[in-house]
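*Asks:* Fold the stuff below for me.
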Amino acid sequence: MLKHFSLVFFLVFGCYVGVNSQRQPLKHLTTELEVHAPAREVWEAYRNLGILRIAAQRDFVRSFHVLKGDGGVGTVVRIFFVGGRKSGFKERIIVADNVRRVEVAQALEGDCLAIGCSVEIVRFEMAKKSHNSTIIKAGFAYAVKKGFEAKHPKPSIHVLATLSQLLKDCVENNYRA
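*Replies:* From the prediction side, this is the model:
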């Protein structure tokens, strides 16, 4: 069911992004990480900007500012990563599904948009593997502007892998306590 949902979800967003990026093909980068805790626990730690609070406590995010919203759909947040650009990264949450444990955000400024991408979508899903095991599925969908193809601009999957690892460490430490 989750695989079917994921496929349909990416197809729908692919169509949305394709229309909004002048039919440029979307490229995808993904990462997965297993967490030894129930999916509901992992989602609770992640949702409503919880992942940003965890990342700030672990010195991966220097700071973040909510510009609009409360952590749900429509929330706009500017994120400043440690060692990152001074202007930061700005995104809008466009899906926050508490039943399927999925969040999708569209980049508005910074990251690969600043170096030649026309669109960038960030997706996190907490997929139940078993009663006490979850797979964090994180990924980017992005399109490159015409004229920038040779430069190979793309978002860094390292960012999503690090956020996933920080979430895993936090949840597993709290779940075992």
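*Asks:* can you map out the strands along this structure?
*Replies:* Counting by DSSP state E, the chain has strands at residues 27-35, 61-68, 76-81, 89-97, 102-109, 117-130, 133-144.
*Asks:* which residues are in contact with the first one?
*Replies:* Translated: strand 27-35. 10, 42, 129, 133-144, 154-155, 157, 160-161, 164-165, 167-168, 171-172 (C-beta atoms under 8 Å, 6 or more residues apart in numbering). Quick note: C-beta positions are derived from backbone N, CA and C, even for glycine.
*Asks:* Any quick ChimeraX command for the buried ones out of the residues you listed?
*Replies:* For the buried members of these, the matching ChimeraX selection, counting by 16 or more other C-beta atoms under 10 Å, is:
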select :10,42,134,135,136,137,138,139,140,141,142,143,144,154,155,160,161,164,165,167,168,171
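*Asks:* ok now stretch 153-169, how far from the chain's centre?
*Replies:* Counting by C-alpha atoms, centre = their mean, to the nearest Å, stretch 153-169 is centred 8 Å from the centre of its parent chain.
*Asks:* just stretch 42-62 next, same as before
*Replies:* 12 Å.
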